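Below is the sequence, then the predicted model.
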Amino acid sequence: MQPLTPSSIHFEHTLRNVGIVVLIITLGWYVQYQARNLINGPSLTLSETPTVIQHEQSVTLTGVAKNIVSISLNGKPIFTDEHGVFSDTLILENGYTIMTLEAKDRYGRATSLSRTFVYVPQT
């Protein structure tokens, strides 16, 4: 075993300090990455937006919800798969109908998405 010299002690301290800095940077990045859901909040996206004028009395709404614990269509709970994909059918009234999707996250924050439809039966 070699005796410790001032330069080897300095190298060991430098190596230890670099290791600590790398650990702190990695830990900071990991915390920021995991906090992204808390920062972003809930989100709703429709895969396809149906046209406003409808000639069928039902409209199927499909989309993706992220960072949510509950989702509803006009107040009725609907469900997502493990990837956040949802699909539900809305029955249109004669004339004008408003569709509202609402999602909440585990912190109580909510987001909503509204669309209007006009049902005109084909003659």
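Good, I have the coordinates. All of these numbers come straight from a predicted model, not from anything done at the bench.

Name the helix or strand for residue 32, please.
helix 6-34 (DSSP states H and E).

quick one: average confidence on the next helix or strand after that helix?
Going down the chain from helix 6-34, the next helix or strand is helix 36-40, by DSSP H and E. Across helix 36-40, pLDDT averages out at 73.

need the contact list for residue 43.
The contact partners of residue 43, by Cβ atoms under 8 Å, 6 or more residues apart in numbering, come to 65-67, 103, 111. Heads up, the C-betas are built off the backbone N, CA and C, glycines and all.

Show the average pLDDT along stretch 71-80.
What stretch 71-80 shows for mean pLDDT is 96.

buried stuff in that stretch?
Neighbour-count burial for stretch 71-80, counted by 16 or more other Cβ atoms under 10 Å, picks out 71, 73, 78, 80.

In TSV: those, plus secondary structure.
Listed next are the buried residues of stretch 71-80 as TSV, based on DSSP: H, G, I helix; E, B strand; the rest coil:
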residue	secondary structure
71	strand
73	strand
78	strand
80	strand
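
tell me which of those residues is nearest to residue 29?
Of all the buried residues of stretch 71-80, residue 29 sits closest to residue 80, with 29.0 Å by Cβ to Cβ.

ok, that closest one touching residue 86?
Yes - assessed by Cβ atoms under 8 Å, residue 80 is found in contact with residue 86 at 4.6 Å.

Residues that sit against both of those two, list them.
Contacts common to residue 80 and residue 86, judged by Cβ under 8 Å, 6+ apart, are 65, 71.

So which residues make contact with stretch 26-42?
Outside stretch 26-42, the residues that touch it by Cβ under 8 Å, 6+ apart are 65-68, 103-105, 107, 109-111.

out of those residues, which are inside strands?
If you go by DSSP state E, the contacts of stretch 26-42 have 65-66, 103-104, 110-111 in strands.

For PyMOL, what selects the buried ones among those residues?
A single PyMOL command selects the buried members of these (16+ other Cβ under 10 Å):
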select buried, resi 65+66+103+104+111
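
okay, the ones in strands among the contacts of stretch 26-42 in JSON lines with distance to residue 15 and pLDDT next?
As requested, the ones in strands among the contacts of stretch 26-42 are exported to JSON lines (distance: Cβ to Cβ, whole Å; pLDDT from 0 to 100):
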{"residue": "65", "distance to residue 15": "48", "pLDDT": "95"}
{"residue": "66", "distance to residue 15": "42", "pLDDT": "93"}
{"residue": "103", "distance to residue 15": "49", "pLDDT": "96"}
{"residue": "104", "distance to residue 15": "49", "pLDDT": "95"}
{"residue": "110", "distance to residue 15": "50", "pLDDT": "94"}
{"residue": "111", "distance to residue 15": "48", "pLDDT": "95"}
